[in-house]
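[1] Attaching a predicted model along with its sequence, questions to come.
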Amino acid sequence: MAKSQDTLRSGAAKPEESALAHWPRFAVGIASAVYALATLALAWPALAGKFLVSPHSDQYIAGFAFRDFAAQSLRSGNGFPQWNPYLFGGMPFIGAMHGDIFYPTFLLRLIMPTDAAMTLGFAIHLFLAGLFAFLFLRASFDRDTSAQQNISLGFAACLIGGLAYMLGGQISSLVSPGHDGKLFVSALFPLGLWALIRGVRDGRQWAWGAFALVVGLAVLSPHPQLLQYMLLSSGAYAIFLAVRSVKAGRITSAVAVRRLAFAFGAVLIGGAIGAIQYLPVREYVPWSPRAGGLPDYSIATSYAWNPEEIFNVYLPQFSGILENYWGRNVIHLHSEYMGAGVLMLMGAAWLGLRASARRSQVVFWSVTLVIALLWAMGSSTPFYRIPYAIVPGTKFFRAPQTVFFVGSLAIAFLAAVGTERLLGRELPKKYLIGWAAFALMVALFASIGGLSSIAMSMAPEQTVDRVVGNASAVIAGSWRSAAFVLLTIGLIVAYHRKRLSVRLAGYALAAIVSLDLWTVIRSYWIFSEPASTIYASDGVIEYLKKQPQPGRVLTLPPEGRGQRDPNLTGDGLMVHGVRIVLGYHGNELGRYDQLSGKIQGYTPILDPLFWRLTNTQYVMTDNGGIEQLQKVAGPARNPSGNDVYLYKTPGDNPFAWVTPAKIRAADLPAVQTLMDRRFDPLSVAIFDSAAAVTPTPNLSKVPAPLPITVTTTSYAPGRIKLKLDTPAPEGSALVVSENYFPGWRATSGGRNLNVGRADFVVIGVELPAGATEVELSFHSAAYDKGKMITLIALGASILLVAAGVFVQRRSAIA
């Protein structure tokens, strides 16, 4: 009698009402429809042609330009581009990484405009995150016979778990910063776990090929940091499945070890699928700014979850949404919000855990959640010192909070289990009373300024004003969260009183969870005008496009505080085929960063010596009063609303020139010489000390420059044709103001020429006597090798799936 008073169970549920038995026909189809509606509720502006990109997004200032460049190359029949000449003096397109070059989303960009394809790619993967989480949750228990009673999850529990994962802030708000690679891996993660369940626990032979394909897609995402987290978590889960199956007596230890070996083999095959991307990356790493890893622990732990952001899981407005953010991170473009109702359901999973048949699963995902949280907090706890010291690759990454997509799946799993307990009428009344009290206390405390006072004590001095401005949002947000807690409790009470059937209660709970998350996450789904408007041409751009010879443009950040300008602060000019001195990337050539003084705030880029070496012929700015330079175009109003001007830099600053002499030198003396105003780069080409060129013998003094003009007759990404107006003399060298990287080749009259790194960073060519024409081309041997490995591994994975299905069907028939 006491039990009936302390819990919301009003007697045993009728068989037809059993939540455990409720799996409707076409369950996957129904779930897919629900997840599609949830996606559409956020993505509907795309139907009107809007572009899912906000001015603070990486896609706005760079991502679109990268993807459109590759799409244009593919559409024109030139294949995947291998060289990007438009940013930071040029860089390998594949090796330096420019987003999802080989991930299947590139196919969308072949059949529709790039901006529409990017928007659709985000929406598709949000949908897939929910669907794959649903499949994973259903598979987690559906064949589990380790317990005597039925412990499988019902349809409603799996449905709500999928919604909790896909709409949780860590996943659904990734569109705000434009982090598509993170979303791709986050969507694939539960699919990979589903494949492991089928392979390690159920012994399905096709699962190894399926898991290899999932890993391969994650490798091609390409987001190496989230790939690392996915593989670590998947490995832990595979071991958990194997140990649990052995303890339950389902398989022997030998079988478990064999299946784990198969899983590891699938990871290797999946890694090989990504060879087309990562062999060029491996070649590039020694040339990149991160060749030795991040400088120190403080950089590696930047953009972690700070203590003030943890409360956002329940109250998303606490540390401020988007521009209202007052925390310690410089920017905060995503949300940690997991849903008030979801947190209630998650907590329910821990009730009665000691006697629960689902105990081992709940414990595993609870431990996973704790580890993910500690990892995400970075230097806020000592824990991160452990992975930083022992996990390979960790020293190359910052933003440890990105690991929490693993924690998000753990929360979704626990919420699904909690939903099952709710629908089984197993929640104690005091649990609901406790949640109601907590929600109301938080709301009341916020209303009297308590939360704002706490925020004031935690905020950096420079963001205190934002705390004050955010106070009303915190109050409103606390009552919003409380409202959804009370709404969830009201549904539970109505269900307890049998005013709702199991099926209706499940769908109603799914609706509440979705609405709760949608009211917050919709703020992060920011749409803009189509790319044709954002990146439209203007008078200055048209002037640049008409110039007969290549010349780089130095863009200066706008002096006003208007809308973020992709042309002045990003890679917008790349869309129009205009080469710029800097840009927005982050993995440009390390030597170019040194030459341009990135660590010093790019102060050398205003030096005419730098302009001379880098072919800088123009300065673009919204400042119309630079009297020291000649104005050649503007003012022109660009799509961001800025009036831009174009100035000509003094001197010729040509794209290529011929020197009468050449020497070899180490990097330091080479840079010191190049930045010496007494040195004329037209006189001597300074090659890398390892370059395969013959230095000018007996060079006792600097020779006079040659009266040779080099004209560019053809210029395309990775393909350059040059013409000398006078035959090259013996011992001369051609210097081309394009960054050098292994893969550049030069020919003259069908003869291969020696090519090397000259003048610290650019291309140098040893000229034969009499040469008047030179052709340069870039081609990555690592890409060719990687492509072959990828195709073989992809074929092997598909073959493993097909063979596994065939063997399984043969066994079923037998």
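    Here it is on my side, so go on.

[2] going forward, measure contacts between C-alpha atoms and count neighbours the same way
    Noted.

[3] Where does the prediction get shaky in the stretch 51-200 of the chain?
    142-151 (pLDDT under 70).

[4] ranges for the helices of it?
    58, 64-75, 105-111, 114-142, 155-167, 169-172, 180-196 (DSSP state H, counting those that start in this stretch).

[5] and these as JSON lines, adding distance to Gly583?
    Compiled in JSON lines, the helices of the stretch 51-200 of the chain are given as follows (distance: least, CA to CA, whole Å):
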{"stretch": "helix 58", "distance to Gly583": "12"}
{"stretch": "helix 64-75", "distance to Gly583": "11"}
{"stretch": "helix 105-111", "distance to Gly583": "23"}
{"stretch": "helix 114-142", "distance to Gly583": "20"}
{"stretch": "helix 155-167", "distance to Gly583": "33"}
{"stretch": "helix 169-172", "distance to Gly583": "28"}
{"stretch": "helix 180-196", "distance to Gly583": "20"}
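
[6] most tightly surrounded among the ones you listed?
    Among the helices of the stretch 51-200 of the chain, ranked by average contacts under mean count of other CA atoms under 10 Å, first place goes to helix 155-167 (a mean of 31).

[7] Tell me which helix or strand the nearest residue to Val257 once chain neighbours are set aside sits in.
    Leaving aside its sequence neighbours, Val257 sits nearest to Ala242 (CA to CA, 6 or more residues apart in numbering; 7.8 Å). Assigning secondary structure by DSSP states H and E places Ala242 in helix 224-247.

[8] after that helix comes which helix or strand?
    Assignment by DSSP H and E places the next element after helix 224-247 at helix 253-273.

[9] in whichever helix or strand comes after that following helix, what's buried?
    Sequence-wise, the next helix or strand downstream of helix 253-273 (DSSP H and E) is helix 275-284. Buried residues in helix 275-284, defined by neighbour count with 16 or more other CA atoms under 10 Å: Ala275, Ile276, Gln277, Tyr278, Leu279, Pro280, Val281, Glu283, Tyr284.

[10] Helix 275-284 vs helix 253-273, what angle?
    70 degrees (axes from the mean of the first three to the mean of the last three CA atoms, to 10 degrees).

[11] Send me helix 275-284 as PDB with only the CA atoms.
    Written as PDB, here are the backbone C-alpha positions of helix 275-284 (Å, rounded to 0.1, in the frame of the first residue of the first chain):
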ATOM      1  CA  ALA A 275      43.600   8.300 -47.400                       C
ATOM      2  CA  ILE A 276      42.600  10.600 -50.200                       C
ATOM      3  CA  GLN A 277      42.300  13.400 -47.700                       C
ATOM      4  CA  TYR A 278      44.800  12.400 -45.000                       C
ATOM      5  CA  LEU A 279      47.900  11.400 -47.000                       C
ATOM      6  CA  PRO A 280      48.100  15.000 -48.400                       C
ATOM      7  CA  VAL A 281      47.400  16.300 -44.900                       C
ATOM      8  CA  ARG A 282      50.300  14.100 -43.500                       C
ATOM      9  CA  GLU A 283      52.600  15.500 -46.200                       C
ATOM     10  CA  TYR A 284      51.500  19.100 -45.300                       C
END
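
[12] what helices or strands is the helix holding Ala242 leaning on?
    Judged by 3 or more CA pairs under 8 Å, 6 or more residues apart in numbering; DSSP states H and E, helix 224-247 is in contact with helix 180-196, helix 253-273, helix 404-423.

[13] For those helices, give me a markdown table that also has distance to Leu315.
    Converted to a markdown table, the helices and strands packed on helix 224-247 look like this (distance: least, CA to CA, whole Å):
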| stretch | distance to Leu315 |
| --- | --- |
| helix 180-196 | 23 |
| helix 253-273 | 39 |
| helix 404-423 | 16 |
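
[14] ok, back up a step: quick one: distance of the helix holding Ala242 to the chain centre.
    22 Å (CA atoms, centre = their mean, to the nearest Å).

[15] Name the residues of that helix that are buried.
    Going by neighbour count (16+ other CA under 10 Å), the buried part of helix 224-247 is 224-231, 233-235, 237-246.

[16] Minimum distance to Ala665: which of the helices and strands packed on helix 224-247 has it?
    Shortest distance between Ala665 and the helices and strands packed on helix 224-247, using CA to CA, is found for helix 253-273: 38.7 Å.

[17] Just the angle for the closest one relative to helix 224-247, thanks.
    Interaxial angle of helix 253-273 relative to helix 224-247 (the same axes, to 10 degrees): 160 degrees.

[18] Return the set of buried residues in helix 253-273.
    256, 259-260, 262-267, 269-273.

[19] Equivalent analysis for stretch 28-39, please.
    By 16+ other CA under 10 Å, the buried positions in stretch 28-39 come out as Val28, Ala31, Ser32, Val34, Tyr35, Ala36, Ala38, Thr39.

[20] which residues touch the third one?
    Each residue near Ser32 by CA atoms under 8 Å, 6 or more residues apart in numbering is listed here: Phe127, Leu131.

[21] Secondary structure element holding it?
    Assigned by DSSP H and E, Ser32 belongs to helix 27-43.

[22] what angle separates that helix from helix 155-167?
    Helix 27-43 runs at 30 degrees relative to helix 155-167, counting by the same axes, to 10 degrees.

[23] Ramachandran angles for Arg637?
    phi -80, psi 120 (degrees, to the nearest 10).

[24] Just to check, it is in contact with Val644?
    Yes. The pair Arg637 / Val644 is scored as a contact, 6.3 Å apart, by CA atoms under 8 Å.
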